[in-house]
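**Student:** turn this into a structure:
(one chain, ligands or ions: 2)
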Amino acid sequence: MKEFVIKGDIIYLENKNEIKTYKNHYLVVKDGYCQGVFPHILEEYKDYVELDYSNKLVIPGFFDLHVHASQYQYRGTSMDLELIDWLNKHAFIEEAKYESIEYAEKSYSMFVDELKNGFTTRAAIFATIHKDATMKLMDLLEKSGIVSYVGLVLMNRNSPDYLRLKDDKDTLKMMEEYILESKKYQNTFPIITPRFTPSCTKELMKGLGELRKKYNVTVQSHIDENPSELIWVKELEPECKNYTETYSRFGLYGGDHHCIMAHCIYNNDEEIETLKNNKIFVAHCPESNMNVTSGIAPIYKYLDNGINVGLGSDVAGGSSLSLIRAARQAIQLSKMYYRYVDQNARQLNVMDAFYMLTLGGGEFFGKVGSFNKGYEFDALVIDDSKIPSLLDFSLLERLERFIYLGDESMLVSKFVKGEKII
Ligand code: GUN
Ligand code: FE
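**Tutor:** Residues are numbered from 1 along each chain as shown. Ligands and ions are numbered 1, 2, ... in the order given. Now for the predicted structure:
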């Protein structure tokens, strides 16, 4: 279906500060791109297929900027430890299983199936150190219609023997092969993924910086997540003035395609400036930050400072792939930040949450996350009549109720790049 018109109750952000709501309007899509929203079907679109979603909400897709496919199987368990112990006791043991391609295929099929049937239209994903298993994940994602960036999770120090890359030359060669092999996909892209500074030596980081330059591939990683992690990073890299510099010094920041840093809870002002100057995308992962007892990220500082922010489910630090949950948690956590940490902080609202869900995360993937003319059409059709009430609500109130009360049972249809995948 190349050309179609969608009828429904349409809501999207024109930009960060401007929301558009159209009751009973028509959204025109051609060759995967939004053409505009109109009160009736214009003559030039008369021949387009009409999809009637009257009384349903039509909103942009959601973008998961940080999720570990390889931790999917134990989601909802193992919330008993803080980050470093949690990695050693839970994450690494599970990730080791992906040496088996059979396990990887079974597990990643389940992960991709849930992703496809949920609200996420595009995602930035961590796999494991295993190339064959990671390519299997990429195959499955490509078939699903979801757009994704997938990272081989690199670790060459402070990791158990069974999950440590032993030879940097071999590692960089494997990375290069995986970047080149990924060219066969249309919607699935490689992303350079040093797990985090404690897992990667300077030599490896330097090699990754060079690879990045050579192939213009973007980067994702973790930063400033947990107090004991910060102390450890200082011990490991005493010559760096902060955590951010452990990445930026090797050219892992900046470039044409901006990278994603998950968490950003404890960044100081100088680090925030570096994030801004390098147009980094902050992946805010509120549920993970609670579950692994990491802290509360001061997201308003990033939003109000012109830094890109999207949401991350961070499964399995987060228990759920559902970004609508992450959105409400982000608002709620910001209120706790205001109450307990800093009464000068701004509390986030529904508009901030909708921004992070759509345009904020979408921009990582290009012109997507809005229905502005010329944007790629990623969309969700939501039946919010499943949240009964005796009251009449405006479109904005319906969006608010969806953010607080919505779940995947309300998803009627889903479009990615103009293709209907549900
Ligand atoms: N830091 C390094 N690895 C991880 C991980 O797997 N999850 C989270 N939440 N933080 C990390
Ligand atoms: Fe993570």
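
**Student:** residue numbers of the protein in contact with ligand 1?
**Tutor:** 68, 83, 87, 91, 195-196, 222, 225, 288, 292, 314, 317 (CB under 6 Å from any ligand atom). For the C-beta atoms, the positions are set from N, CA and C on the backbone; glycine is no exception.

**Student:** same thing but 5 Å
**Tutor:** 91, 196, 222, 317 (CB under 5 Å from any ligand atom).

**Student:** just the C-alphas of the longest helix along the chain, formatted as CSV.
**Tutor:** Ranked by number of residues, the top helix in the chain under DSSP state H is helix 101-117. Extracted C-alpha coordinates of helix 101-117, given in CSV (Å, rounded to 0.1, in the frame of the first residue of the first chain):
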residue,chain,number,x,y,z
ILE,A,101,22.6,-20.1,18.2
GLU,A,102,19.6,-22.3,19.0
TYR,A,103,19.0,-20.5,22.3
ALA,A,104,19.5,-17.1,20.5
GLU,A,105,17.0,-18.0,17.8
LYS,A,106,14.3,-19.1,20.3
SER,A,107,14.9,-16.2,22.6
TYR,A,108,15.2,-13.4,20.0
SER,A,109,12.1,-14.7,18.2
MET,A,110,10.1,-14.1,21.4
PHE,A,111,11.7,-10.7,21.9
VAL,A,112,11.0,-9.5,18.3
ASP,A,113,7.5,-10.9,18.4
GLU,A,114,6.7,-8.8,21.5
LEU,A,115,8.4,-5.7,20.0
LYS,A,116,6.4,-6.1,16.8
ASN,A,117,3.1,-6.4,18.6
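
**Student:** where in the stretch 101-250 of the chain is pLDDT low?
**Tutor:** Along the stretch 101-250 of the chain, no part satisfies pLDDT under 70.

**Student:** please enumerate the helices of it.
**Tutor:** Using DSSP state H, counting those that start in this stretch, the helices found in the stretch 101-250 of the chain span residues 101-117, 131-144, 168-181, 202-215, 227-236, 243-248.

**Student:** can you give me the neighbour number for the closest residue in space to residue 68 that isn't next to it in sequence?
**Tutor:** Once flanking residues are discounted, residue 68 sits nearest to residue 126: 4.4 Å by CB to CB, 6 or more residues apart in numbering. A count of nearby residues for residue 126, using other CB atoms under 10 Å, gives 26.

**Student:** got it, and the one 5 residues further on?
**Tutor:** For residue 131, the count of nearby residues is 15 (other CB under 10 Å).

**Student:** so residue 244 touches residue 273, yeah?
**Tutor:** No. Residue 244 is beyond contact range of residue 273, at 9.3 Å (criterion: CB atoms under 8 Å).

**Student:** name the residues of stretch 92-111 that are buried.
**Tutor:** Residues of stretch 92-111 classed as buried: 92, 94-98, 104-105, 107-108, 111 (neighbour count, 16 or more other CB atoms under 10 Å).

**Student:** residue in the stretch 251-400 of the chain nearest to ligand 1?
**Tutor:** residue 317 (3.6 Å; CB to the nearest ligand atom).

**Student:** per-residue confidence for that residue?
**Tutor:** Predicted confidence (pLDDT) at residue 317: the value is 98.

**Student:** can you pick the most crowded of the residues of the chain next to ligand 1?
**Tutor:** residue 317 (31 neighbours).

**Student:** residue contacts, that one?
**Tutor:** Residue 317 sits next to 68, 71, 86, 285, 287-289, 291-292, 294 when contact means CB atoms under 8 Å, 6 or more residues apart in numbering.

**Student:** not counting sequence-adjacent ones, nearest residue to residue 172?
**Tutor:** Leaving aside its sequence neighbours, residue 172 sits nearest to residue 207 (CB to CB, 6+ apart; 4.7 Å).

**Student:** hang on, the earlier thing: quick one: which of the residues of the chain next to ligand 1 is nearest to residue 79?
**Tutor:** The shortest approach to residue 79 among those belongs to residue 317, at 8.6 Å (CB to CB).

**Student:** what is the burial count for the closest residue to the closest one other than its chain neighbours?
**Tutor:** On the basis of CB to CB, 6+ apart, the spatially nearest residue to residue 317 that is not a chain neighbour turns out to be residue 288, at 3.1 Å. The number of residues packed around residue 288, counting by other CB under 10 Å, is 28.

**Student:** what helix or strand does residue 288 sit in?
**Tutor:** helix 286-291 (DSSP states H and E).

**Student:** export that helix as PDB, just CAs?
**Tutor:** The C-alpha coordinates for helix 286-291 follow below in PDB (Å, rounded to 0.1, in the frame of the first residue of the first chain):
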ATOM      1  CA  PRO A 286      13.000   5.400  34.400                       C
ATOM      2  CA  GLU A 287      12.000   1.900  35.300                       C
ATOM      3  CA  SER A 288      15.500   0.500  35.200                       C
ATOM      4  CA  ASN A 289      16.700   3.400  37.200                       C
ATOM      5  CA  MET A 290      14.300   2.400  40.000                       C
ATOM      6  CA  ASN A 291      14.700  -1.300  39.800                       C
END
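
**Student:** going forward, count from 129.
**Tutor:** OK, 129 is where the count begins now, so the last one is helix 414-419.

**Student:** what residues sit buried inside it?
**Tutor:** Applying 16+ other CB under 10 Å to helix 414-419 flags 414-419 as buried.

**Student:** what residues does the helix or strand following that helix touch?
**Tutor:** Where DSSP H and E defines the elements, the next helix or strand beyond helix 414-419 is helix 427-431. Contact with helix 427-431 is made by 144, 392, 400, 403, 410, 412, 436-437, 458, 462, 473-476, 480, 483-484, 488, as judged by CB under 8 Å, 6+ apart.

**Student:** can you classify the residue nearest the centre of the chain by secondary structure?
**Tutor:** The residue lying closest to the centre of the chain (CA atoms, centre = their mean) is residue 193, at 1.3 Å. On the three-state scheme (DSSP: H, G, I helix; E, B strand; the rest coil), residue 193 is labelled strand.

**Student:** gap between residue 507 and residue 197?
**Tutor:** Separation of residue 507 from residue 197 (CB to CB, to the nearest Å) stands at 24 Å.

**Student:** more neighbours: those two, which one.
**Tutor:** A direct count of neighbours by other CB under 10 Å for residue 507 and residue 197 places residue 197 higher, at 29 against 26.

**Student:** what's the neighbour count on residue 509?
**Tutor:** Other residues within reach of residue 509, judged by other CB under 10 Å, total 21.

**Student:** packing partners of the helix or strand it falls within?
**Tutor:** Following DSSP H and E, the helix or strand that holds residue 509 is strand 507-510. Secondary-structure packing of strand 507-510 (3 or more CB pairs under 8 Å, 6 or more residues apart in numbering; DSSP states H and E): strand 131-143, strand 177-188, strand 539-544.

**Student:** having no further points to raise, I will conclude here.
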